[in-house]
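>>> how would this look folded up:
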Amino acid sequence: MFGFSLSWAILRCYTESTDGPRTTMKERQDCLFIADIGDNNARRSSISVYQVSEPSAGASAVSPSRAVTARYPDGPRDAEAMFIHAGDIYIVTKGRKGAIELYKWPKGAGTGGAVTLEKIREVLPAPKSADDRITSGSASPDGKWVAIRSYRTIYLFSARSFLDSSDKHVTPVTSDLGQMKEAKGEGLALANDGSVWLPTEAAGKRPAAIRRLQCDLTTMAG
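Got it, this is the predicted structure:
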């Protein structure tokens, strides 16, 4: 049973696979990937991601069907952003003590022990303000786009370029979230049509909320 709040992503999974989703039609079901990746003080020797079947409405507990563990190749990092793309797990570091970086879980990683993450790229330089630290990430279900967010900005990338380590010049489209006046806004979910869903925590007398922005993806190169 999980009794804590963690980063998560939803993905269409295939239950006959032991090392990741497969594009087959057997026993298809939704599942959640729950990331235990936070490390404010950059002291953890490893991080973990848990896979669980999506619980039914009203369920009060869920047990993981799989857990995978990894370490960073260049020392501990704090992170809150995880997303799934084409069955692969990606982590974007927060930038608490350095540059914001993109890492990938290696293919074929099983449950036998900690593996070493693959560094894909430096995404952004070290933030000058805590408001520019990355708190969430999402890939569109069709796999064409990736969005990450800080407390005040959304960054939208073409997935093809963003996830290709050989592409050295990746420039995002950005959107200023200051106008949203969010209370503890950290979450992000991206849809195929450019809809961006922004959940927030409750703060004082302000209840938790979910807001939607619309991005015009036709202005971006595929």
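
>>> Tell me where the protein is predicted with low confidence.
Per-residue confidence for the chain (pLDDT under 70) gives these ranges: 1-29, 109-112, 220-222.

>>> Centroid-nearest residue for this structure?
The residue lying closest to the centre of the chain (Cα atoms, centre = their mean) is Met82, at 2.1 Å.

>>> What's opposite that residue in the beta bridge?
Ile91 (DSSP bridges).

>>> How about Asp176?
Thr153.

>>> thinking again about what came up before, so the residue nearest to the centre of the chain is in contact with Ser48, correct?
No - using Cβ atoms under 8 Å, Met82 is not in contact with Ser48, being 11.2 Å away. C-beta here means a position set from N, CA and C on the backbone, and glycine is covered the same way.

>>> What count of nearby residues applies to Ala79?
Using other Cβ atoms under 10 Å, Ala79 has 25 other residues around it.

>>> show me what contacts it?
35, 37-39, 47, 91-94, 134 (Cβ atoms under 8 Å, 6 or more residues apart in numbering).

>>> now do 7 Å
37-38, 91-94 (Cβ atoms under 7 Å, 6 or more residues apart in numbering).

>>> Farthest pair within those?
Greatest spatial distance among these (Cβ to Cβ): Gly38 and Val92, at 12.9 Å.

>>> Looking at the two now, which is surrounded by more residues?
Under the neighbour definition other Cβ under 10 Å, Gly38 and Val92 were set side by side, and Val92 has more, 27 against 15.

>>> excluding its backbone neighbours, what's nearest that one?
In space, and not counting its chain neighbours, Val92 is closest to Ala81: 4.0 Å by Cβ to Cβ, 6 or more residues apart in numbering.

>>> In contact with the one you found, which residues?
Ala81 neighbours (Cβ under 7 Å, 6+ apart): 7, 91-92, 134-137, 148.

>>> got those as a markdown table, with secondary structure and distance to Pro73 columns?
As requested, these are exported to a markdown table (DSSP: H, G, I helix; E, B strand; the rest coil; distance: Cβ to Cβ, whole Å):
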| residue | secondary structure | distance to Pro73 |
| --- | --- | --- |
| Ser7 | strand | 21 |
| Ile91 | strand | 12 |
| Val92 | strand | 15 |
| Ile134 | coil | 19 |
| Thr135 | coil | 23 |
| Ser136 | strand | 23 |
| Gly137 | strand | 20 |
| Ile148 | strand | 21 |
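
>>> which one of the residues you listed sits closest to Pro127?
Proximity of these to Pro127 (Cβ to Cβ) peaks at Ile134, which lies at 8.3 Å.
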